[in-house]
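Chemist: What shape does this take:
(one chain, ligands or ions: 2)
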Amino acid sequence: MEMEQIIIHADMDAFYASVEMRDDPSLRGKPLIIGSMPNERGVVATCNYEARKYGVHSAMNIKDAYRLCPHGIYMHPHFDKYKAISARINEIWNEYATASERIALDEAYLDVTEKAGNLEGAREIAHTIKRRIREELGLTCSVGVAYSKTAAKTASEEKKPDGYFEIPTAEDFVSLIIDRDVNVLYTVGEKTAEKLHNAGIRTVRDIRERQADVVRLLGKQGMWITQIAFGIDNRKVTPYRPEDAKSIGRELTFQANVSNFEFLKDVLFLLSLSVENRAKRVGLSGRGISLKITYANMKSITRSKAVPFCDDAMLIYRESVNMLEQIEKRPVRLIGTSIYNLSADRTKQLSFDDYLGTLSNQTSERDSKLEELKNRYKLDFPGHLDELYHGEILHRTVEYMRKHFPG
Ligand code: DCP
Ligand code: MG
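Modeler: Numbers count the residues shown, from 1 in each chain. Ligands and ions are numbered 1, 2, ... in the order given. This is a model prediction of the structure:
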C-alpha cells in the first residue's frame, strides 16, 4: 500500500520497571512499583503490568499506591541506567529512520517513509525493531505504524505491552476511535476531558458533531482536537536539534496564584536546576539569563541579564532572584527562567584545578540550598534529583511546597 507519509511510534513497555525486572529476574511476576518508598513523600514513576492490575499508575501519590497494593515491591529509580539503555534504544531506532524525534527516554517518532517504501516495508521495520530490542537489550516495546503522528501514537498504545498495530489511513483511524472516550485523543488530558464531559461531549463522535462547542470551550486547543477527531494531522517528524534552540528554559503555571515572593525564590531554584540539567545534557551554555513572570491579571513581563557564560544552576538561580526582587509584587500565576544566546563553545576556559574548584563550590552551595528546601517543606527527594526534571513531578512537588510553605 502506497502512503504519503509513514510514521512509526515506538514506546518501551513499563520502561523503568522492565529494566529492573530484566536485571533481577526474581522481581518478575510480582507487582513492582518504581518511585518513592511508601514511607516517603512522593509519587509513582512507573510500575509493571502486575501492579497496574491493582490500579497503580504513573504520577500517583505513593501513599495511594501503597493502599491499593501493600504487598508490592517498592524501589527507587536508577536513572543513570535508564539513560544509558535509552541511548542504545535510540541507536537501534535511528537506523531505520530518515528523521527521528525523541519525545521521552523511552519513546520516539520515526519517519520511515523512504526506508520502508510502503506499508509492508514499515511492518517489516517495526518487527525488526521489536526483535532487536528484545535480543540486544532484553526488553519489549510496543510499535505503531500509521499515516500520521497522532495515529502512530494511538497505534503503539493499542496492543500494549509487546504490541504491534497499524493505522494506514485517516478513515481507519476515525473508525477505530469514533465511539471511544474523548481522552483517546492526543493532548486531551484529565482536565480537558473533564471540561468536555461536563458539556456532554463524551466521545470522539460528539466532538465531530459539536465542533463549535468544542472550539468555544477550549479555544485553540479545541481547533486542534477537532482536526484530529477527523484524522487530520500533517505534522512532520522533526528531530530535536539542540543547536536550533533559541533558549533553554523551564516555566511553571501554578494551580492558584502565588503572592509570596519568598516561595517564588524556592521555585526558581528548582527551575534553575532543571535548566542546568537540560543545558548540560545538550552541551550548550547561555550568554544571558531571563526571568519571565505572568501576573494573575495575565500581564506578562520578562527581565534579562547578560552574563559572560552560564550553564550553572546557582548562577541562573541567583540572577533570577535578583531580577525577581526588582519587579512589582503582585499575585503571580506563572514563573519561568531561561538561558539564551546559546553556544556550544566554552569561551570561559578553566584550568583543570579551577574547574574542580568551581565545581565543588557550586556543588556544595547547591547541596546546602537543597537541604534548606528539604527542611523548610519537609520534602524527601527520592534519592536522585532527576525525578524533578520530569514536568509532572516538578509540578506536583511545587504544588506540595505551596501548600506546606511555613507560616
Ligand atoms: N515516568 C515518570 N513519571 C511519569 C510518567 C513516566 O517518571 N508521570 C517515567 C517512568 C516510565 C518512563 O517515564 O517508565 C516512560 O513513561 P511511559 O509513560 O512510556 O510509561 P511506561 O513505559 O512505564 O509504561 P507503558 O508500558 O505504559 O509505556
Ligand atoms: Mg513507555
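
Chemist: State the mean pLDDT of stretch 341-356.
Modeler: Averaging pLDDT along stretch 341-356 yields 52.

Chemist: scratch that, stretch 157-173
Modeler: 97.

Chemist: And that stretch, what's buried?
Modeler: Applying a neighbour-count criterion of 16 or more other C-beta atoms under 10 Å, one finds 158, 160, 163-170, 172-173 buried in stretch 157-173. Where you see a C-beta, it was placed from the backbone N, CA and C, and this is true even at glycine.

Chemist: close to ligand 1, is it?
Modeler: Yes - using C-beta under 6 Å from any ligand atom, stretch 157-173 comes into contact with ligand 1 via 160-161.

Chemist: That stretch near ligand 2 anywhere?
Modeler: No - figure legend: stretch 157-173 not in contact with ligand 2 (C-beta under 5 Å from the ion); closest approach 8.1 Å.

Chemist: what's the first-to-last distance across that stretch?
Modeler: One end of stretch 157-173 sits 13 Å from the other (C-alpha to C-alpha, to the nearest Å).

Chemist: Alpha carbons of stretch 117-129, as CSV, please.
Modeler: Presented in CSV, the C-alpha positions along stretch 117-129 are these (Å, rounded to 0.1, in the frame of the first residue of the first chain):
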residue,chain,number,x,y,z
GLY,A,117,8.6,2.5,0.8
ASN,A,118,5.2,1.1,1.7
LEU,A,119,3.1,-0.3,4.4
GLU,A,120,4.6,-3.8,4.1
GLY,A,121,8.1,-2.3,4.4
ALA,A,122,7.1,-0.4,7.5
ARG,A,123,5.6,-3.5,9.1
GLU,A,124,8.9,-5.3,8.5
ILE,A,125,10.9,-2.5,10.1
ALA,A,126,8.6,-2.4,13.1
HIS,A,127,9.1,-6.2,13.7
THR,A,128,12.8,-5.9,13.2
ILE,A,129,12.9,-3.1,15.8
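
Chemist: Check which residues of it are buried.
Modeler: Quick answer for stretch 117-129 (16+ other C-beta under 10 Å): 119, 121-123, 125-126, 129.

Chemist: Same question for stretch 308-316.
Modeler: Quick answer for stretch 308-316 (16+ other C-beta under 10 Å): 310-316.

Chemist: Out of the buried residues of stretch 157-173, flag the one nearest to ligand 2.
Modeler: residue 160 (8.1 Å; C-beta to the ion).

Chemist: what residues are up against the closest one?
Modeler: 11, 13, 142 (C-beta atoms under 8 Å, 6 or more residues apart in numbering).

Chemist: Make sure the last one is indeed in a helix.
Modeler: I take that to be residue 142. No - looking at residue 142 with DSSP: H, G, I helix; E, B strand; the rest coil, it is strand, so not inside a helix.

Chemist: wait, it sits on residue 162?
Modeler: Yes - the criterion here is C-beta atoms under 8 Å, and residue 142 meets it with residue 162 at 6.5 Å.

Chemist: Find the residues that touch each one of these two.
Modeler: With C-beta under 8 Å, 6+ apart, residue 142 and residue 162 have common neighbours residue 13.

Chemist: Quick check: pLDDT value at the residue of the stretch 101-250 of the chain found nearest ligand 2.
Modeler: Per C-beta to the ion, residue 106 is where the stretch 101-250 of the chain lies closest to ligand 2, at 4.5 Å. Note for residue 106: predicted pLDDT of 92.
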